[in-house]
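Visitor: fold the stuff below for me.
(one chain, ligands or ions: 1)
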Amino acid sequence: MKTITLFSAKSYDKTFFDLHNNKFNLQYIDARLTAETAVLAKGSDAICVFVNDELSQKTLIILNELGINKIAFRCAGINNIDLTAAKSLGFTLMNVPAYSPEAIAEHTLGLILTLSRKYHKAYNRVKEDNFSLTGLLGFNLHGKTVGIIGTGKIGLATLKILKGFGCKLLGHDLIKNAKAEELGVDYVDLDTLYSQADIISLHCPLTDLTHHLINKKALSLMKPGVTLINTSRGGLLDTPAIIASLKTGHIGYLGLDVYEQEDKLFFEDRSNTIINDDVFQRLLTFPNVVITGHQGFFTEEALTCIVQTTLSNLDKMLAS
Ligand code: NAI
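Guide: Alright, predicted model coming up:
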């Protein structure tokens, strides 16, 4: 039986993988994959990694020396690997390109509605028998202009929901999506999207081109009071520039499911430790900022699909 080592494995990974696996010897490792932890995969036929595992050139060289050259990503984005090094070392990589775009799209809507109707505040107030509405004034989504950057699978699923809310839909992408055009999405350049959208949501991958896409200049073009949502990758935002814009009130609402330095924070219970990331801590102080810890993908349906596809990817990789 082939052995697979899963890094960054949580209890839910074990639950879902054990439920669907009948082929492999699965070894679950709680630690993140880094150059320091790579040796834990010794004796494995392949490894399985997640979004915050660190597949640097150094890590890949160690894996290669251990005779491991097959990596299954149990996620869509593969921005956490040095692709040049992986290619030159002859690694085979497989990811889960599509599992449930609706899971992330619905989470995006959750963030928008939480911010627009202040559910995060209302929840706490009612818990304390405070039924005052002062400060909870929201805004309708109906009639608002929403700009989606990256109109692939998740962007399209988000646009479909927003159409139901009665929003005017703007899109920006390197490649137009015919299905988005059928929905009535107007493709515009970035500057137009920034200047016209009341709500902007990011659904493009993190690449050299999109790194810090939302920076001081982009923010200066946005409408005062804009709602900005990022469920894609933290590196799309220049976070200090975002904080400066929140401080002046230019950004009206910010919803995040990802954060550039999330690899040192997310997916662990840190409630009894001191968080040393002052940028993240500053973000948490704003009343108009809602942050979730990379849970967009975390639905029963999405996890089932991720696990089934990953096991099938491993099967294909190890057959060759
Ligand atoms: P996709 O590949 O279907 O769509 C991405 C779209 O972005 C494509 O249409 C592509 O042409 C476009 N794009 C690429 N570079 C661009 C640029 N410079 N400017 C504008 N558009 C650009 O990918 P999918 O499945 O929709 O996922 C999007 C992103 O969502 C992933 O890259 C990943 O980072 C993130 N994600 C987040 C999850 C979460 O749990 N929060 C879960 C899954 C994905």
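Visitor: between the two ends of stretch 6-13, how far is it?
Guide: The first residue of stretch 6-13 is 9 Å away from its last residue (C-alpha to C-alpha, to the nearest Å).
Visitor: briefly note if that stretch comes near the ligand.
Guide: No. Figure legend: stretch 6-13 not in contact with the ligand (C-beta under 6 Å from any ligand atom); closest approach 13.6 Å. Every C-beta, even on glycine, is put in place using the N, C-alpha and C of the backbone.
Visitor: quick one: distance of that stretch to the chain centre.
Guide: Relative to the centre of its chain, stretch 6-13 is centred 17 Å away, using C-alpha atoms, centre = their mean, to the nearest Å.
Visitor: who touches the closest residue to the ligand within the chain in this structure?
Guide: Residue nearest to the ligand within the chain (C-beta to the nearest ligand atom): G152, separated by 1.8 Å. For G152, the contact set (C-beta atoms under 8 Å, 6 or more residues apart in numbering) comprises 173, 177, 203-204.
Visitor: can you tell me the element G171 falls in?
Guide: For G171, the host element (DSSP states H and E) is strand 168-172.
Visitor: show me the contact partners of the following helix or strand past that strand.
Guide: Downstream of strand 168-172, the next assigned helix or strand under DSSP H and E is helix 178-183. By C-beta under 8 Å, 6+ apart, the residues outside helix 178-183 that reach it are 151, 155-156, 159-160, 163, 169, 171, 187.
Visitor: same deal with stretch 159-166?
Guide: Contacts for stretch 159-166 (C-beta under 8 Å, 6+ apart): 105-106, 109, 141-143, 146, 148, 151, 169, 171, 180, 183-185.
Visitor: find the centremost residue of the protein, please.
Guide: Centroid check for the chain by C-alpha atoms, centre = their mean gives S232 as the closest residue, at 3.9 Å.
Visitor: the closest residue to that one other than its chain neighbours: what's it in contact with?
Guide: In space, and not counting its chain neighbours, S232 is closest to L202: 4.7 Å by C-beta to C-beta, 6 or more residues apart in numbering. Contacts for L202 (C-beta under 8 Å, 6+ apart) come out as 149-150, 213-214, 229-232, 236.
Visitor: against H107, how distant is L202?
Guide: Applying C-beta to C-beta, to the nearest Å, the value for L202 to H107 is 13 Å.
Visitor: and for T192?
Guide: Distance from T192 to H107, counting by C-beta to C-beta: 27 Å.
Visitor: who has more neighbours, those two?
Guide: H107 (23 against 15; other C-beta atoms under 10 Å).
Visitor: the more buried one is in what secondary structure piece?
Guide: Following DSSP H and E, one finds H107 within helix 101-117.
Visitor: if anything else comes up later, I'll come back, but that's it for now.
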